[in-house]
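1. Please find the sequence and the predicted model below.
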Amino acid sequence: MTAAPKPPHISIVIPVHNEAEILESEVYTLLRGLDARSMDYELILAENGSSDRTKAISNDIAERSPRVRAIHLPNPDYGAAMRAGLLEAKGALVINFDIDYHNVDVITQADPLLAEAGIVVGSKLHASSDDRRSQLRKLISHTFTLILRILFDSKIDDTHGIKVFRRDVVDRFVPETVMNEDLFDTELVIRARRAGIRVQSVPVRVEERRASRSSILRRIPRTMLGLIRLRILLWKEKKK
């Protein structure tokens, strides 16, 4: 009987939607960085509802690269794609990158911290981070975190940064997380913190590889409604 293959130490999950223009170049840049550090990893591309060649390109990369897997969801939904990728992951460490925002050094920083912390966030808001985004995007990040501190947790940090999870945190909290779209990872971090899981932040360099393709200002009403819904949901759970 053939033994099951040993799971990788690191699983990296990247949701991708209509990323045909940069997908191949960014994936291979990331793979070169991981291989240069001799990391034991798998990369999961969680394609969701793309209307361009993203699905075909992700499949092609997976066929050529044994450490890469491609999964597909029928509808565009960042949170649903992230959830599916996290549940597919097999590593002891599970990392969430975006295709236009990845940093292998965060993994190196996070690994020793996860002996005590359950989640390590590469935080754009860390005092030592080098945030090269526009002033508007910086303002929105700070405002969003301020709202989270008012509604949920006075000490919460950047929930939309690069995140490195311990395996047990993924197994415990991902099935409990109900929000999709932009707030999946925010809810996941909030739930973990409420359960006493330590979340550690580390500094990162943030530099946009391309301009945002959707209007942040248009997402604000949807995000605010989602946060109110999440606040009510968690309040009801606490009352049970």
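-> That came through fine.
2. Find the residue at the geometric middle of the protein.
-> Geometric centre of the chain, nearest residue: Asn96, 3.2 Å, by Cα atoms, centre = their mean.
3. how about that one, what does it touch?
-> Asn96 sits next to 12-14, 82, 85-86, 162-163, 165, 185 when contact means Cβ atoms under 8 Å, 6 or more residues apart in numbering. (C-beta placed from N, C-alpha, C; glycine too.)
4. State the distance from it to Trp235.
-> Remark: distance between Asn96 and Trp235 (Cβ to Cβ, to the nearest Å) = 27 Å.
5. ok, now Arg205?
-> For Arg205, the distance to Trp235 - Cβ to Cβ - is 37 Å.
6. which other residues reach stretch 59-70?
-> Residues from elsewhere that reach stretch 59-70, judged by Cβ under 8 Å, 6+ apart: 8, 23-24, 27-28, 31, 41-45, 47, 55, 58, 88.
7. about what we covered before: what's the residue nearest to the centre of the chain sitting at in phi/psi?
-> phi -110, psi 110 (degrees, to the nearest 10).
8. Over to Val164?
-> phi -120, psi 120.
9. what bridges to it?
-> Ile95, Val120 (DSSP bridges).
10. tell me, how many neighbours does it end up with?
-> Using other Cβ atoms under 10 Å, Val164 has 27 neighbouring residues.
11. circling back: may I see the contacts of Asn96 organised as CSV, with pLDDT added?
-> Shown next, in CSV, are these (pLDDT from 0 to 100):
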residue, pLDDT
Ile12, 97
Val13, 97
Ile14, 96
Met82, 95
Gly85, 96
Leu86, 96
Ile162, 90
Lys163, 94
Phe165, 96
Asp185, 92
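12. Name the member of those residues with the most neighbours.
-> Greatest neighbour count in these, by other Cβ under 10 Å, goes to Phe165: 32 neighbours.
13. Go ahead and confirm it touches Val94.
-> Yes - contact criterion Cβ atoms under 8 Å: Phe165 and Val94 qualify, at 4.6 Å.
14. Which neighbours do the two have in common?
-> Contact criterion Cβ under 8 Å, 6+ apart; residues shared by Phe165 and Val94: Leu86.
15. Phi and psi next, for Ser129.
-> Phi and psi for Ser129, reported as degrees, to the nearest 10, are phi -70, psi 150.
16. Chain neighbours aside, what residue packs nearest to it?
-> Take Ser129 and drop its neighbours on the chain: the residue closest to it by Cβ to Cβ, 6 or more residues apart in numbering is Pro203, 4.4 Å away.
17. Distance of that neighbour relative to His126?
-> For Pro203, the distance to His126 - Cβ to Cβ - is 4 Å.
18. Who has more neighbours out of Arg205 and Trp235?
-> Ranked by neighbour count (other Cβ under 10 Å), Arg205 and Trp235 place Arg205 first, with 13 against 9.
19. in the sheet, who's paired with that one?
-> Asp130.
20. That one touches Ser128, doesn't it?
-> No - Arg205 lies out of contact with Ser128 (Cβ under 8 Å); the separation is 10.1 Å.
21. Tell me the pLDDT of Glu88.
-> On the pLDDT scale, Glu88 is placed at 94.
22. Mind jotting down where the strands sit in this structure?
-> Under the criterion DSSP state E, strands of the chain are mapped to 10-16, 41-48, 68-73, 93-96, 119-123, 130-131, 162-166, 199-203, 205-206.
23. Could I get those strands in CSV, plus columns for distance to Ser141?
-> Listed next are the strands of the chain as CSV, based on distance: least, Cβ to Cβ, whole Å:
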stretch, distance to Ser141
strand 10-16, 19
strand 41-48, 23
strand 68-73, 27
strand 93-96, 17
strand 119-123, 10
strand 130-131, 8
strand 162-166, 13
strand 199-203, 13
strand 205-206, 9
